[in-house]
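In: any chance you can model this:
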Amino acid sequence: RRVLFRSNGVIFLDAGPGGDLAVSGKLDVTAATGGTGGRIAATGAAVSLLAGALADASGAEGGGTIVLGDMAATAVVNVAPGAVVAADAASRGDGGAVRLFSSGQTRFAGSISATGGDGGGNGGSAEISSTGSVIMNSSDIRLTAPAGRAGTVILDPTDLTIAHQPDSANVVSDFTLYNLLAAGNNVSLAASNDLTVAAVIEGRGGVPGGSVTLGAGHNLLVQNHILTNNGAITLSAGNLFSMAPNTMLYAGNQTISLSGAHGVTAEYLQTDGTVNITSSGGPVTANRALVAGSVNINAFLGAANATINPSAAQTVSLSGVKTTGAVLVNAYSLADGGGINAGGNVALQSAQGVTLSEYVLSGGSILVRSQNGGIGAKGFDTTQQSSVGAITLDAAGNISVTENVLTHNSDLNATASDGVLQISGAIDTGS
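Out: Numbers count the residues shown, from 1 in each chain. So this is what the prediction gives:
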């Protein structure tokens, strides 16, 4: 069965379930004088764009959609060197969508562009996906927007490794990612099973703003640094998220977000933006001090102001926090060994015990609450800045502070409802 259909800006090519489709010429659904580009769809057992082929769905007011292959029906999709896929917005509007789908292997060695319009609009998207393997032999993908936000490159195989070696099946080279990020593209890599970062993902040195999003259906292991040029970093795992010792995530002034359904282990995290860490069913461990604009850690299911009801596995262990803004932590149990120095408010809430081995310093207020356990701390101080900052300690069990509790013309409220309250050092509310 072979079907060719073209009408009103749509080209549909189907070689049938056992047929191979190879395009060597031009597929044109452009709208050069006005409107958005059309739609191109090509399916078959194998779909190839050969050298010199052009699939073009560009439009004056927005790019169209190009889909090569089908996740269920197409075993192999191949875009050869010299093949061009375009879904650009020329005058204004958003870039279009390019999709390469296969059930066995998707190989990309050509070029893709889905840029936003010169007069306004965002970059489009390019998804290179397979339920089998993806091979990236080219990084020539342009999703930029002169007057808007850059678009996103999406790679979506079963397993994926970022490595310092040539691209191969389910291996993306660090060089390919550098080129994509340096061009200002956002990059999203998603593996339905495991994803491993074995080489540095370096996004500095080019156009700023390229973000990195990595998702794994099972485990996500970061064995090397991820560094962006003011691009957000979002990493999530369906099972465990972990960083190898001494690795770093650096996002300039943007957000770093980490999540692991059954646990998160972090190393160096640095950003002038926000750090968000979430685990819905496992521990959160930060082996190095967190340096950020603000920090939010949520190791239980529920809103921050709700009754804390996590499992015993949802502990939070920190090695120090330094921020210019707020620090918010919600956990089953909480321990910090490096001290907390925050420019804004600090709120530490736990179902069980809270252990703070070094001082908690805040430019705002401090709240420490243990719903069913006690609080053990070295000291608290809100006098570091001129702002008024109250200190509230609330525990069902004992509260023990070995050194000073200092506020800046503000109240100290300490309640050990079923335990003993002991503050061994000075108490000074500045009044």
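In: need the helices for the stretch 101-250 of the chain, in chain order.
Out: Counting by DSSP state H, counting those that start in this stretch, the stretch 101-250 of the chain has helices at residues 174-182.
In: nearest residue to residue 133 in space, please, no chain neighbours.
Out: residue 169 (3.9 Å; C-beta to C-beta, 6 or more residues apart in numbering). The C-beta positions use only the backbone N, C-alpha and C, and glycine is treated the same way.
In: do the same with residue 424
Out: residue 402 (5.2 Å).
In: contacting residues around that neighbour?
Out: The contact partners of residue 402, taken as C-beta atoms under 8 Å, 6 or more residues apart in numbering, are 377, 378, 379, 424, 425.
In: my guess is the third one contacts residue 425, does it?
Out: It stands for residue 379. Yes - between residue 379 and residue 425 a contact is recorded at 6.4 Å, counting by C-beta atoms under 8 Å.
In: residue 289 against residue 320, yeah?
Out: Yes - Residue 289 is in contact with residue 320 according to C-beta under 8 Å; the separation is 3.5 Å.
In: need the overlap of contacts for those two.
Out: Both residue 289 and residue 320 are in contact with residue 338, where contact means C-beta under 8 Å, 6+ apart.
In: go through the contacts of residue 402 and give me the one with the most neighbours.
Out: Highest neighbour count within the contacts of residue 402: residue 377, with 23 neighbours (other C-beta atoms under 10 Å).
In: the contacts of residue 402 into TSV, with extra columns for secondary structure and distance to residue 364?
Out: Shown next, in TSV, are the contacts of residue 402 (DSSP: H, G, I helix; E, B strand; the rest coil; distance: C-beta to C-beta, whole Å):
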residue	secondary structure	distance to residue 364
377	strand	17
378	coil	19
379	coil	17
424	coil	25
425	coil	22
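In: ok so, going back, so what sits against both of residue 379 and residue 425?
Out: Listed as contacting both residue 379 and residue 425 by C-beta under 8 Å, 6+ apart are 401, 402, 403, 404, 405.
In: and the gap between the first one and residue 382?
Out: As judged by C-beta to C-beta, to the nearest Å, residue 401 and residue 382 stand 14 Å apart.
In: which of these two has more neighbours?
Out: residue 382 (29 against 21).
In: from residue 363, how far off is that one?
Out: Distance from residue 382 to residue 363, by C-beta to C-beta: 7 Å.
In: list residues touching both of these two?
Out: residue 389.
In: where does pLDDT dip in the stretch 251-400 of the chain?
Out: Along the stretch 251-400 of the chain, the parts satisfying pLDDT under 70 run over 300-313, 386-387.
In: go again with 80.
Out: When residues are selected by pLDDT under 80, those of the stretch 251-400 of the chain lie in 300-313, 385-388.
In: and what of the stretch 1-150 of the chain?
Out: For the stretch 1-150 of the chain (pLDDT under 80), the answer is 1-8.
In: surely residue 398 and residue 422 touch.
Out: Yes - at 7.4 Å, residue 398 counts as touching residue 422 under the criterion of C-beta under 8 Å.
In: those two: which is more packed in?
Out: residue 398 (17 against 12).
In: ok, now how distant is residue 403 from residue 329?
Out: 21 Å.
In: ugh, wrong one, residue 101
Out: To residue 329, residue 101 is 42 Å away according to C-beta to C-beta.
In: these two - which one has more neighbours?
Out: For residue 101 versus residue 329, the count of surrounding residues by other C-beta under 10 Å is larger for residue 329: 25 against 22.
In: how about the CA coordinates for the helix or strand encompassing the more buried one, as PDB?
Out: Here residue 329 sits within strand 327-331, counting by DSSP states H and E. Provided in PDB are the C-alpha atoms of strand 327-331 (Å, rounded to 0.1, in the frame of the first residue of the first chain):
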ATOM      1  CA  VAL A 327      15.000  28.500  53.200                       C
ATOM      2  CA  LEU A 328      12.000  26.200  53.400                       C
ATOM      3  CA  VAL A 329      12.300  22.500  54.400                       C
ATOM      4  CA  ASN A 330       9.500  19.900  55.100                       C
ATOM      5  CA  ALA A 331      10.500  16.400  56.100                       C
END
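In: and that strand, which strands flank it?
Out: Next to strand 327-331 in the sheet, as set by DSSP bridges, lie strand 294-298 (parallel), strand 346-350 (parallel).
In: give the next helix or strand downstream of the first one.
Out: Translated: strand 294-298. Once the chain leaves strand 294-298, the next helix or strand it forms, by DSSP H and E, is strand 315-318.
In: one step back: how about the shared contacts of residue 379 and residue 425, which pair is most distant?
Out: In these, two members sit farther apart than any others by C-beta to C-beta. They are 402 and 405, at 10.6 Å.
In: mutual contacts of the two, please.
Out: Common neighbours of residue 402 and residue 405 (criterion: C-beta under 8 Å, 6+ apart): 379, 425.
In: now do the same contact list for the residue nearest the centre of the chain.
Out: A centroid search over the chain (C-alpha atoms, centre = their mean) returns residue 234, at 1.0 Å, as the residue closest to the centre. By C-beta under 8 Å, 6+ apart, residue 234 lies in contact with 211, 212, 213, 214, 255, 256, 257.
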